[in-house]
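> got a predicted model here, sequence first, then my questions.
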Amino acid sequence: MTRILAVLLILASGLCSAEPLRIAVAANFKPTLTQLHTQFAAVDSTPLSVSSASTGVLATQVQYGAPFDLFLAADKNTPLRLAQQYNTAAFCYARGRLALLGGPLAALADVTKSLAIANPVTAPYGAAAQQVLERAQFQPAITRKLIRGANVAQAYQFWHSRSVDLALVPLAMAPADAALVPASWHTPIDQYALILKPSATLDRYLNWFRSDNVRALIREAGYEPCH
């Protein structure tokens, strides 16, 4: 009996010490990934460790040696640049869309309406939002109160807490009555994943992540397929 208990303890110890798969995810995709991971947990016992911030902040962390296995960015250029730098692979997993919270698209021309966007320097959705605001029909509001959040989650929070009247955020984070921004108003928001530390565990995760079921769930969350 003592010997059996010892074996069980050794096995349990091995399970508890399993290395987690470390995933860096852009703030816009974190809510969707959290929902997806509830399904992953039902088919795979691999522990997952998720870190979230803007794409630019996470890219800096990667370059300073953060121990991520996979980086789910919110743009195309950052992962492709890092893939060349680290001699690894990147692939498209979704195309994002912008939505306006708090009013119709015409409200973007109203100088009295304050607006929140993500930081255009570090957040791809913020850069897309800045392109929208630079359109000629919205120039009358160029002097409006504009708040730049560290990422899209913070921009959404500014609007949700009523600190601002409007917010440009990912469609995936917006309620059903939000105004969809035409895709032609900004550069396509192709979201790429960067493989940082290839392993059998990561291969298993990616096989699941690329499955038809997961791709369907990503579409249902408000993203379009890669073009």
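Great, that's in hand. Residues are numbered from 1 along each chain as shown.

> in three-state terms, label T38 for me.
Each residue gets one of three states, and T38 gets helix by DSSP: H, G, I helix; E, B strand; the rest coil.

> my bad, N213
Taking three-state DSSP as the rule, one finds N213 in the helix state.

> burial count for the closest residue to it other than its chain neighbours?
Closest residue to N213 apart from its sequence neighbours, by CB to CB, 6 or more residues apart in numbering: Q39 at 7.9 Å. Every C-beta, even on glycine, is put in place using the N, C-alpha and C of the backbone. For Q39, the number of neighbouring residues by other CB atoms under 10 Å comes to 13.

> just I218 next, same as before
Tallying neighbours of I218 according to other CB under 10 Å, which is how burial is gauged here, yields 22.

> the helices in this structure, which residues?
Per DSSP state H, the chain carries helices over the ranges 2-16, 30-43, 55-63, 77-86, 124-133, 152-160, 200-209, 212-220.

> so which of those is the most packed in?
Sort those by mean neighbour count, taking mean count of other CB atoms under 10 Å, and helix 124-133 sits at the top with a mean of 24.

> distance between it and the chain's centre?
The chain centroid and the centroid of helix 124-133 are separated by 15 Å under CA atoms, centre = their mean, to the nearest Å.

> quick check: angle from that helix to helix 55-63?
Interaxial angle, helix 124-133 versus helix 55-63 (axes from the mean of the first three to the mean of the last three CA atoms, to 10 degrees): 150 degrees.

> what is the rounded mean pLDDT of helix 124-133?
This predicted structure assigns helix 124-133 an average pLDDT of 98.

> equivalent analysis for stretch 23-42, please.
The average of the pLDDT scores along stretch 23-42 is 97.

> repeat that for stretch 203-218.
Along stretch 203-218, the predicted local confidence has a mean pLDDT of 97.

> wait, doesn't F71 sit right on A193?
Yes - between F71 and A193 there is a contact under CB atoms under 8 Å: 6.8 Å.

> can you lay out the helices of the chain as TSV showing distance to D177?
Supplementary listing: the helices of the chain in TSV, determined by distance: least, CB to CB, whole Å:
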stretch	distance to D177
helix 2-16	46
helix 30-43	18
helix 55-63	28
helix 77-86	32
helix 124-133	19
helix 152-160	13
helix 200-209	31
helix 212-220	18
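
> among those, which comes closest to L146?
helix 124-133 (7.9 Å; CB to CB).

> and the angle for that closest one with helix 77-86?
With the same axes, to 10 degrees defining the directions, helix 124-133 sits at 140 degrees from helix 77-86.

> on that earlier part again, who has more neighbours, F71 and A193?
Neighbour count, other CB under 10 Å: between F71 and A193, F71 has more, with 27 against 24.

> how is this structure partitioned into domains?
Partitioning the chain according to automatic domain parsing yields domains covering residues 16-96+189-220, 98-185.

> in a markdown table: the ones you listed, plus distance to C226.
Compiled in a markdown table, the domains of the chain are given as follows (distance: least, CB to CB, whole Å):
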| stretch | distance to C226 |
| --- | --- |
| domain 16-96+189-220 | 4 |
| domain 98-185 | 14 |
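
> so Y223 touches A172, yeah?
Yes - here Y223 reaches A172: they are 6.0 Å apart, a contact under CB under 8 Å.

> got any residues that touch both of those two?
The overlap between the contact sets of Y223 and A172 (CB atoms under 8 Å, 6 or more residues apart in numbering) consists of T32, G96.
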